[in-house]
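Asker: Here is the input, now give the coordinates:
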Amino acid sequence: GCVLLLVECKRFARSGEVRTFGQVGRAAFGSVGSAVVNFNLVLTQAGFCAVYIIYLGSNLSQLLDYHLGIRFVPTPRDSAAEQTHASSAEEVDELNSHLFVFLVLWPAISMLCALRSLRGLTPLSLVGSALVFSALIAVVWFSRLEFAPGSPPADVRP
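Answerer: Just a heads-up that it's a prediction; the model follows:
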């Protein structure tokens, strides 16, 4: 909604002078409008990215814990005395993923934000798209096997 309205305002404004959304805000409301528009754009984009970063951190933290045994915070599952310090293992897993985001993903994303041109990332984007497509095919394939007529129940399969 708001971004589309901003695009329409940009088309309506003097197109030679107005090239960015901040300049649309400046043309409409002066320097305060420019600051408000730029702040809201950053806030919106950060909100979109925050959800993805938390999701990615949670999954990668669990993946490293499961396959490599790397834990970012010792989980209190070994003794009853240690379990009294955390109310549940889920809280510790959440802490693990947040620490993973802070220590690993945040520096990596910060370096990516410093790139001036994304042309060098084109091959990586192509590989990433191919992996996502492969994962989609795997999900469809295994779902087909799961719900095929005559397939054994999930609790019987290895």
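
Asker: List the buried residues of stretch 40-48.
Answerer: For stretch 40-48, the neighbour count (16 or more other C-beta atoms under 10 Å) marks residue 41 as buried. The C-beta positions use only the backbone N, C-alpha and C, and glycine is treated the same way.

Asker: first vs last residue of stretch 115-128, how far apart are they?
Answerer: End-to-end distance for stretch 115-128, by C-alpha to C-alpha, to the nearest Å: 18 Å.

Asker: Check the offset of it from the chain's centre.
Answerer: 17 Å (C-alpha atoms, centre = their mean, to the nearest Å).

Asker: So that it lines up with my notes, have the first residue be 35 from now on.
Answerer: Sure thing, new numbering starts at 35, so read that last one as stretch 149-162.

Asker: Quick one: mean pLDDT over it.
Answerer: The pLDDT scores in stretch 149-162 average 86.

Asker: Then stretch 69-88?
Answerer: pLDDT averaged over stretch 69-88 gives 84.

Asker: Please apply the same query to stretch 182-192.
Answerer: Taken as a whole, stretch 182-192 has an average pLDDT of 66.

Asker: quick one, helices of this structure?
Answerer: 36-46, 55-63, 65-102, 114-117, 123-134, 140-147, 156-180 (DSSP state H).

Asker: ok, residues contacting the first one?
Answerer: Applying C-beta atoms under 8 Å, 6 or more residues apart in numbering, the set of residues contacting helix 36-46 from outside is 52, 55, 58, 62, 71, 74, 78.

Asker: Tell me the spacing between the first one and residue 38.
Answerer: Here residue 52 is placed at a distance of 16 Å from residue 38 (C-beta to C-beta, to the nearest Å).

Asker: That's all I had, so thanks and see you.
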